[in-house]
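Asks: could you work out the structure for the sequence below:
(one chain, ligands or ions: 1)
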Amino acid sequence: MEQVELATYLAQLGNRVDTRTGAINLPLYFSTTYQHPGLGESTGYDYTRTKNPTRAVLEEALAVMEEGTCGFATSSGMSAIQIALQIFPQGSAILAGRDLYGGSYRYFADLEKRGFYQFTYAYQEADFLAALNSPAKYTAVYLETPTNPMMQEFDIEKIARAAHQKGAVVIVDNTFFTPYLQRPLTLGADIVVHSATKYLAGHNDILAGALVTDRADLAEKIAYQLNTTGAVLAPFDSWLLIRSLKTFLLRMRQHEANAQKINAYLRSEPRVQEVFYPGHGGMLTFKVAEEVRIAEFLRQLKLISFAESLGSVETLITYPETQTHADIPEKLRRSYGLTPDVLRLSVGLEAADDLIKDLKHAFLAE
Ligand SMILES: Cc1ncc(COP(=O)(O)O)c(C=O)c1O
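Replies: Numbers count the residues shown, from 1 in each chain. Down below sits the predicted model:
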């Protein structure tokens, strides 16, 4: 990035790219193919699966935001995770967090069942460190911090140090905290993945993923896998995501301010048993008191929508038990505290007082 602050860079993302017309807004290049000036010559663009001028601006922004050297925009968060794992040879041992997005768990379980990799799961930071200090070999370590949905935080620096002593590559899913709060590469992680569908896109209108690394060897492998398999983000979605990033910092500030108010309210609400909020960010999880009937509570909400997903302008409430985490076997879910009284709230940009009123009303009417 040029010597400007991130707010300046993002507000003007894509400006001054089209020097021919001086367009302020980045042109949207739909062209899938690019004319070569001559044999053995290229404008830098040949075919959109490999590189696209609109996506390239987005990919540079992703790298800047995460303080990496190479960014990649993919068709979904799951395809970003798939590409991150695909760079390892068959038979690799992967150490992963136990509390994960249900779709990530489902993918890992499928990979293991079909004999691609062996997974070992860690509940706590101490489990990660014990595994990494044991004689077992690991090719990669995969974690979410904070975890989805129980909001447990891990010390990336500590885990990365132990992982690197074993030669393992550290992958962090940074969907929840985003680079607004945490830049895992600066803490020793090697690859950051995102469901860009969430805070990066922020409007519940783009399915997208991101990968960022600061290691040239890994960037080369990721680029090879992406170009080979083709799970790249389409030009229009790339353009929309660029538009979203212009307000990213503003949105994150307001998500966080609202979530802090709602955290304070939920902690004072007698019908809430426990609140899991790391003190920053826009996501919080809570356990309702025994007498609260979840179905009725959800029905009574008028402003907050009962829906999967997170990170967008509108507040969503999710019931992980039957939605995002239903694919994790019940016994496993219970083993790390994901019980049927857990609700996950993605706090949006509405007035916090309106959201609190909505929650209060639903608790009382219940
Ligand atoms: C933490 C986390 N990682 C990855 C994903 C998958 O992303 P996508 O839905 O964009 O494929 C999700 C989706 O909810 C998620 O919450």
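
Asks: so residue 32 sits against residue 50, correct?
Replies: No - using C-beta atoms under 8 Å, residue 32 is not in contact with residue 50, being 10.5 Å away. Yep, even glycine has a C-beta here, placed from its N, CA and C like the rest.

Asks: quick one, which of these two is more surrounded?
Replies: Neighbour count, other C-beta atoms under 10 Å: between residue 32 and residue 50, residue 50 has more, with 13 against 10.

Asks: list the contacts of that one.
Replies: By C-beta atoms under 8 Å, 6 or more residues apart in numbering, the contact list for residue 50 reads residue 227.

Asks: give me the nearest residue to whichever residue of the stretch 101-250 of the chain sits closest to the ligand, chain neighbours excluded.
Replies: Taking C-beta to the nearest ligand atom as the measure, the stretch 101-250 of the chain has residue 195 as its residue closest to the ligand, at 3.0 Å. Once flanking residues are discounted, residue 195 sits nearest to residue 77: 2.7 Å by C-beta to C-beta, 6 or more residues apart in numbering.

Asks: count of residues packed around the one you found?
Replies: Residue 77 sits with 24 neighbouring residues when counted by other C-beta under 10 Å.

Asks: torsion angles phi and psi at it?
Replies: For residue 77, the backbone dihedrals are phi -60, psi -40 (criterion: degrees, to the nearest 10).

Asks: quick one, what contacts it?
Replies: 103, 175, 193-198, 208-209.

Asks: any idea how far residue 91 is from it?
Replies: For residue 77, the distance to residue 91 equals 26 Å [C-beta to C-beta, to the nearest Å].

Asks: show me the strands in the protein, by range?
Replies: Using DSSP state E, the strands of the chain run over 70-74, 93-97, 118-122, 140-144, 169-173, 191-195, 209-213, 272-276, 283-288, 305-306, 316-318, 342-346.

Asks: could you dump those strands into CSV and include mean neighbour count and mean pLDDT?
Replies: Output for the strands of the chain, formatted as CSV (neighbours: other C-beta atoms under 10 Å; pLDDT from 0 to 100):
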stretch, mean neighbour count, mean pLDDT
strand 70-74, 26, 99
strand 93-97, 23, 98
strand 118-122, 18, 98
strand 140-144, 25, 98
strand 169-173, 27, 98
strand 191-195, 30, 99
strand 209-213, 29, 99
strand 272-276, 17, 97
strand 283-288, 22, 98
strand 305-306, 16, 98
strand 316-318, 22, 98
strand 342-346, 24, 98
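
Asks: mind putting those strands into CSV with distance to residue 231?
Replies: Formatted as CSV, the strands of the chain follow (distance: least, C-beta to C-beta, whole Å):
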stretch, distance to residue 231
strand 70-74, 5
strand 93-97, 20
strand 118-122, 22
strand 140-144, 18
strand 169-173, 16
strand 191-195, 12
strand 209-213, 8
strand 272-276, 32
strand 283-288, 26
strand 305-306, 29
strand 316-318, 25
strand 342-346, 25
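
Asks: show me where the stretch 101-250 of the chain has its helices.
Replies: Under the criterion DSSP state H, counting those that start in this stretch, the stretch 101-250 of the chain contains helices at 102-113, 125-133, 156-165, 178-181, 216-229, 235-245, 248-268.

Asks: those helices into TSV, with extra columns for mean pLDDT and mean neighbour count?
Replies: Shown next, in TSV, are the helices of the stretch 101-250 of the chain (pLDDT from 0 to 100; neighbours: other C-beta atoms under 10 Å):
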stretch	mean pLDDT	mean neighbour count
helix 102-113	97	17
helix 125-133	98	17
helix 156-165	98	19
helix 178-181	98	22
helix 216-229	98	16
helix 235-245	98	21
helix 248-268	98	18
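
Asks: dump those helices to a markdown table, plus distance to residue 281.
Replies: Converted to a markdown table, those look like this (distance: least, C-beta to C-beta, whole Å):
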| stretch | distance to residue 281 |
| --- | --- |
| helix 102-113 | 19 |
| helix 125-133 | 19 |
| helix 156-165 | 15 |
| helix 178-181 | 6 |
| helix 216-229 | 27 |
| helix 235-245 | 18 |
| helix 248-268 | 6 |
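
Asks: and the ones you listed: which comes nearest residue 338?
Replies: Taking C-beta to C-beta, helix 102-113 is the member of those nearest to residue 338, at 9.6 Å.

Asks: and the stretch 51-200 of the chain, which of its residues are near the ligand?
Replies: Residues of the stretch 51-200 of the chain lying close to the ligand (C-beta under 6 Å from any ligand atom) are 76-78, 101, 103-104, 144, 148, 173, 175, 195, 197.

Asks: give me every residue that touches the residue nearest to residue 204 when sequence neighbours are not counted.
Replies: Distances taken as C-beta to C-beta, 6+ apart put residue 312 closest to residue 204, at 4.3 Å, once the chain neighbours are dropped. Residues in contact with residue 312, defined by C-beta under 8 Å, 6+ apart, are 198-199, 201-204, 346, 348.

Asks: that concludes my questions; thank you for your assistance.
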